[in-house]
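Asks: Quick one, structure for this:
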Amino acid sequence: MNKWLIIGGLTGAAFLLWGGKTLMTSTRGVRNNNPLNIKRGNDWNGETDIPLDPVFESFKEPKYGFRAGAKLLRNYQSLYGLNTIRELINRFAPYSENNTQAYVAFVAKEMGVGENEPLDLSSDSTLAKLIHTMSKMESGNGAFSLTQAKAGVALV
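Replies: All right, here's what the predicted structure looks like:
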């Protein structure tokens with residue numbers, strides 16, 4: 001009996017030292033596998049069975065979070081005619097909740113395109129580069145890879 005108490009205690013201590021630290025220091029996007037911090041509201045493929053966050057979507061894997069972001073941005077382009085980084089991000093991250101101008105400037109610089117230059121989001125490579133760059137702003141630089149973004153776009 002004491003042996004199991006010791007093992008359980010050591011397991012709990014290990015979680016607190018390593019796993020708990022990850023939970024405390026990682027960004028919301030990383031914890032939720034939601035690279036673009038998409039708010040809850042739609043039924044998305046790859047959602048967790050039990051939501052981990054009261055405001056933002058929780059996905060089983062990052063590729064599903066990237067897929068959701070890719071679908072949103074393609075819809076912005078096809079349904080609303082939004083074609084530039086400025087137009088897309090103004091809708092995705094409105095001024096009321098974000099420093100949208102800084103977001104637009106960051107994404108344009110990282111992608112090497114003008115803020116008002118039209119993008120073709122029917123191109124998987126362009127879309128993957130866009131959502132990966134947006135994930136750097138939303139979840140932190142290095143939190144997610146371009147390979148993960150490409151995997152999400154492949155699911156669209």
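Asks: per-residue pLDDT, E97?
Replies: The model reports E97 with a pLDDT of 89.
Asks: Please identify the buried residues of the helix of greatest length in the chain?
Replies: When the chain is parsed with DSSP state H, its longest helix is helix 62-80. For helix 62-80, burial by neighbour count (16 or more other CB atoms under 10 Å) applies to 62-73, 76-77. For the C-beta atoms, the positions are set from N, CA and C on the backbone; glycine is no exception.
Asks: The protein: helices as residue ranges?
Replies: Using DSSP H, helices in the chain cover 2-14, 20-25, 28-31, 62-80, 85-92, 100-111, 124-139, 146-154.
Asks: As JSON lines, these with distance to L52 and mean pLDDT would be great.
Replies: Converted to JSON lines, those look like this (distance: least, CB to CB, whole Å; pLDDT from 0 to 100):
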{"stretch": "helix 2-14", "distance to L52": "20", "mean pLDDT": "47"}
{"stretch": "helix 20-25", "distance to L52": "10", "mean pLDDT": "52"}
{"stretch": "helix 28-31", "distance to L52": "7", "mean pLDDT": "97"}
{"stretch": "helix 62-80", "distance to L52": "12", "mean pLDDT": "98"}
{"stretch": "helix 85-92", "distance to L52": "22", "mean pLDDT": "98"}
{"stretch": "helix 100-111", "distance to L52": "24", "mean pLDDT": "98"}
{"stretch": "helix 124-139", "distance to L52": "14", "mean pLDDT": "98"}
{"stretch": "helix 146-154", "distance to L52": "18", "mean pLDDT": "99"}
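Asks: Mind putting the ones you listed into TSV with distance to D53?
Replies: Converted to TSV, the helices of the chain look like this (distance: least, CB to CB, whole Å):
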stretch	distance to D53
helix 2-14	24
helix 20-25	12
helix 28-31	7
helix 62-80	12
helix 85-92	18
helix 100-111	21
helix 124-139	13
helix 146-154	19
